[in-house]
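Undergrad: build me a model from this:
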Amino acid sequence: MKEKLEQIRKEASALIDKASVMEELEEIRIKYLGRRGELTQLLRNLGGLEPSERSQAGRMANNLREHIESNLSQKLNLLREAKREVELGQGVDITLPGRNPQIGRMHPITRQLKEITDIFLKMGFILAEGPEIETEYYNFAALNTPSDHPVRDTQDSFYLGKKILLRTQTSPVQIRIMEKFKPPLKVISAGRCFRRDAADASHTPMFHQVEVFQVDKNITFGDLKGMLEIFVRSLFGRKTKLRFRPSFFPFTEPSAEVDISCVICRGKGCSVCRRKGWLEILGSGMIDPNVLKTVGYNPEEVSGYAFGMGVERIAMLKYGINDIRLFFENDLRFLEQF
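TA: Numbers count the residues shown, from 1 in each chain. Down below sits the predicted model:
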């Protein structure tokens, strides 16, 4: 029995070493370890041995089984690894130079948004965010916009429920911040807004807006004018001129539209500014006393200013872009220019 087991060990080891494909290993397993395999038959015949020999022969046979199984497993792993390397190498010329990966760039809207916020962060403003899904209270009522105001028409906003809508401006953040904190406040909020505008060269249903406001004692329209002069000249250059035009916004009083000298023709008149020499960039004003009362402030003690701008509008002026839709069409020919 001992001689027979040793013979099986040598033969099985030699066959496993010579095997070049996984199918051969399966044949070897069946030959020695299958139901009718040579080692299996020897184990079944152990009952015919003398009791003194049976125990030793059984131990040797089981050790041989484990030895063959281990060798088969190791050889199988080697053949699998070799096959994988061959498959990975097929059709690949490793002598060719590698391809440089394309590195992404910051989207022009993200770039412009960062540039705007950085200007105010350097002047001590804090950056705040608010929800894009708002209630009518924060989006309209708290901002001194009565229920019969045209802006509150459901055709102008994306309503998700009776009194729930996608925010039409970032001004609701102003209310949320003033409800939680007492003056002095210097805050800038930025994010996406939504309105039911048909897409054309100057409108999209989704756009980005920046809202800036300051509340403290003795804040005047002069503070607003001075802040806007610093901002505009930081963004468009020191030679940029600024002008205010009387306007109306429900949440500011007095209110003003702000224009800058055309960045294309420097105020001389061109097709971009419609020969006027001026470009409208934002709306501004002193925070209406009714808004201050709504958040629990005393308008006799504190005052503030606020102004907001469309980020796409600023980017179009700065980069000379004539169609807002280009920002959202994902055309690499356009995006790679930035």
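Undergrad: can you show me the strands along the stretch 101-250 of the chain?
TA: For the stretch 101-250 of the chain, applying DSSP state E, counting those that start in this stretch gives strands covering 126-128, 133-135, 164-166, 185-194, 206-216, 242-249.
Undergrad: same list, these, but as CSV with mean pLDDT please.
TA: Shown next, in CSV, are those (pLDDT from 0 to 100):
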stretch, mean pLDDT
strand 126-128, 95
strand 133-135, 94
strand 164-166, 93
strand 185-194, 95
strand 206-216, 96
strand 242-249, 92
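Undergrad: nearest to P108, out of the ones you listed?
TA: strand 206-216 (11.1 Å; CB to CB). For the C-beta atoms, the positions are set from N, CA and C on the backbone; glycine is no exception.
Undergrad: okay, the closest one in PDB with CA atoms only?
TA: Extracted as PDB, the C-alpha positions of strand 206-216 are listed here (Å, rounded to 0.1, in the frame of the first residue of the first chain):
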ATOM      1  CA  MET A 206     -33.100  78.200 -14.500                       C
ATOM      2  CA  PHE A 207     -30.400  80.800 -13.700                       C
ATOM      3  CA  HIS A 208     -28.000  81.800 -11.000                       C
ATOM      4  CA  GLN A 209     -28.300  84.800  -8.800                       C
ATOM      5  CA  VAL A 210     -26.200  86.600  -6.100                       C
ATOM      6  CA  GLU A 211     -27.900  88.600  -3.300                       C
ATOM      7  CA  VAL A 212     -25.900  91.000  -1.100                       C
ATOM      8  CA  PHE A 213     -27.200  92.800   1.900                       C
ATOM      9  CA  GLN A 214     -25.900  94.700   5.000                       C
ATOM     10  CA  VAL A 215     -27.900  95.700   8.100                       C
ATOM     11  CA  ASP A 216     -26.600  97.900  10.900                       C
END
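Undergrad: so what strands line up beside it?
TA: strand 185-194 (antiparallel), strand 303-310 (antiparallel) (DSSP bridges).
Undergrad: report how many residues lie close to R238.
TA: 7 (other CB atoms under 10 Å).
Undergrad: how many neighbours does the spatially closest residue to F236 that is not a sequence neighbour have?
TA: Leaving aside its chain neighbours, F236 sits nearest to V263 (5.7 Å; criterion: CB to CB, 6 or more residues apart in numbering). Using other CB under 10 Å, V263 has 19 other residues around it.
Undergrad: quick one: average confidence on the helix or strand where R65 lies?
TA: For R65, the element it lies in under DSSP states H and E is helix 51-89. Summarised as a single mean, pLDDT over helix 51-89 is 80.
Undergrad: please identify the buried residues of it?
TA: A57, M60, A61, L64, R65, I68, N71, L72, K75, L76, L79 (16 or more other CB atoms under 10 Å).
Undergrad: picking up where we left off before, using TSV, lay out the strands of the stretch 101-250 of the chain together with distance to M178.
TA: TSV is the format used below for the strands of the stretch 101-250 of the chain (distance: least, CB to CB, whole Å):
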stretch	distance to M178
strand 126-128	11
strand 133-135	15
strand 164-166	21
strand 185-194	7
strand 206-216	7
strand 242-249	17
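Undergrad: closest to P172 out of those?
TA: Between P172 and the strands of the stretch 101-250 of the chain, the shortest separation by CB to CB is 5.2 Å, and it involves strand 133-135.
Undergrad: can you give me the helices in the stretch 101-250 of the chain?
TA: Applying DSSP state H, counting those that start in this stretch to the stretch 101-250 of the chain gives helices spanning 108-121, 136-139, 172-180, 221-236.
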